[in-house]
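A.B. asks: compute the structure for the input listed below.
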Amino acid sequence: MARKKDKRGKDRKPDEGSGRIVLATNRRARRNYVIEAKIEAGLVLLGSEVKSLRTTTPTIAEGYARFRGEALWLYGVHILPLPQASYLNHEPARPRKCLLHKRELRKLKHRLEAKGQTLVALQMYFLGPRVKVELGVARGRRKGDKRSHEREKDDKKRMRGQIR
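C.D. replies: Here you go, the predicted structure:
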């Protein structure tokens, strides 16, 4: 698969073996939440949004998903408007519908009924011609938990350095 570049000239290479081109990663989510499960969902997008994703990077740092009726919607994801789309452009921070099978939606809804559970956007990527989002069923961390998590990471990094 050929390498693609975004507007800034940054390489967008596919992940090894999976064939997915990562558009954005929510690194802050792994610090602020304990990710208990991951789920891949498709997105309903407009044409100008897909074209914009091919040239620019979306912002998913504040992305989360919530049920509205029986459907799952993604909020807080910002996709820049495409200048060439003129009056047919999209709203940058509009809610976008997530595509999942009914069975998956039922399981997810049941899982989110537990206290303190939320759905956080972890990653957005192209899988072939389709745009996918990786959602994580997460539980929030407290301030002390974040500090201990950082300490553990630093300790592991230090140990790896000593082994080498």
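A.B. asks: rest of the way, CA atoms for contacts and neighbours
C.D. replies: Noted.
A.B. asks: quickly list what the most centrally placed residue in the chain is bridged to.
C.D. replies: Residue closest to the mean C-alpha point of the chain, counted by CA atoms, centre = their mean, is Gln123 at 2.8 Å. Under DSSP bridges, the beta-bridge partners of Gln123 are Thr25, Glu134.
A.B. asks: is it true that it touches Glu134?
C.D. replies: Yes. Taking CA atoms under 8 Å as the contact criterion, Gln123 and Glu134 are neighbours in contact, 5.1 Å apart.
A.B. asks: element containing Glu104, please.
C.D. replies: helix 102-112 (DSSP states H and E).
A.B. asks: contacts for that helix, please.
C.D. replies: Outside of helix 102-112, the residues within contact range by CA atoms under 8 Å, 6 or more residues apart in numbering are Phe67, Glu70, Ala71, Leu72, Gln117, Thr118, Leu119, Val137.
A.B. asks: just the strands in this protein please.
C.D. replies: Here the chain has its strands, by DSSP state E, at 4-5, 11-12, 20-25, 33-43, 64-68, 71-75, 96-99, 117-127, 130-140.
A.B. asks: mind listing the strands the fourth one pairs with, and their directions?
C.D. replies: Same thing as strand 33-43. For strand 33-43, pairing defined by DSSP bridges yields strand 96-99 (antiparallel), strand 130-140 (antiparallel).
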